[in-house]
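>>> Quick one, fold the following:
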Amino acid sequence: MTDCHCEEPLGRRSNLDRQSSTGARLLPPGTARKGRPSGGRNDSIRLAAGVVMLLLATTSPAQAVRPDEMLADPGLEARAREVGRELRCLVCRNQSIDDSDADLAHDLRVLVRERIKAGDSDDRVIAYVRARYGDFVLLRPPFELGTLLLWGGPLLLLVIGGAALARFYRSRREAAVAPLSPDERRRLASILGEGSEN
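The predicted structure follows:
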């Protein structure tokens, strides 16, 4: 009896056993045939190629700028891209307006390009958007009194967390090393005395 698990007549079963290219294409990748390698090398190459493609896809910056938004002049468009990298999307987390697909980011990209076409400098465009939306729209807010919490907040959280951890471990150590009270010593002596009698 042959190794075939199908219900086909014997004459048709030999289709996959032949050394033909058709039979090879019918077998799934990595399946070993008699006298042939399993194709594991091909699977490794496919896997490596897939990993490389995935890494390239995730490391390349996502550009959400639509073709209909782009300016005809490449120099002005380059300026608009630079300004767009400085401005935060107000809907997304820490994404520039160039990287965001949100409708508000689209509106901001169009606004930036309109201001640049009107002749504003990059700083004036950023100041215009900042005046309308506040310091939060800047990916790198300036170091001022109003933005002190934005700059110092992470450091403040680290200091508070470190102080809380130090206090917690200090209280545990003091509780573990605290001397026994006279009442606790008497109870311990009685327990040890009973244990030595048995």
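>>> ends of stretch 82-102, how far apart?
Counting by C-alpha to C-alpha, to the nearest Å, you get 19 Å between the two ends of stretch 82-102.
>>> the domain parsing of the protein - what is it?
74-137, 148-197 (automatic domain parsing).
>>> who wins for proximity to D68 among those?
In terms of C-beta to C-beta, the element of the domains of the chain nearest to D68 is domain 74-137, at 9.4 Å. No exception for glycine: its C-beta is placed from N, CA and C like everyone else's.
>>> tell me the mean pLDDT over the closest one?
For domain 74-137, mean pLDDT is 88.
>>> same thing with stretch 164-171?
The average pLDDT for stretch 164-171 rounds to 88.
>>> Next secondary structure after the helix or strand where F168 lies?
Element membership for F168 (DSSP states H and E) is helix 148-177. Downstream of helix 148-177, the next assigned helix or strand under DSSP H and E is helix 182-197.
>>> Could you pull out the helices in this protein for me?
Secondary structure of the chain (DSSP state H): helices located at 10-13, 21-26, 40-59, 74-86, 103-117, 122-133, 148-177, 182-197.
>>> What average pLDDT does the shortest one get?
Mean pLDDT, helix 10-13: 50.
>>> so how far is Y169 from the nearest residue to R81 once chain neighbours are set aside?
For R81, ignoring the flanking residues on the chain, the nearest one in space by C-beta to C-beta, 6 or more residues apart in numbering is D98 at 6.2 Å. Look at D98 and Y169: by C-beta to C-beta, to the nearest Å, they are 46 Å apart.
>>> more neighbours, those two?
Between D98 and Y169, counted using other C-beta atoms under 10 Å, D98 has the larger neighbour count: 23 against 10.
>>> Can you report how many residues lie near the residue lying closest to D120 once chain neighbours are set aside?
Using C-beta to C-beta, 6+ apart and skipping residues adjacent in sequence, the residue nearest D120 is Y128, 6.9 Å away. Other residues near Y128 number 14, with proximity taken as other C-beta under 10 Å.
>>> Against R140, how distant is Y128?
17 Å.
>>> show me what contacts V159?
Residues counted as contacts of V159 (C-beta atoms under 8 Å, 6 or more residues apart in numbering): none.
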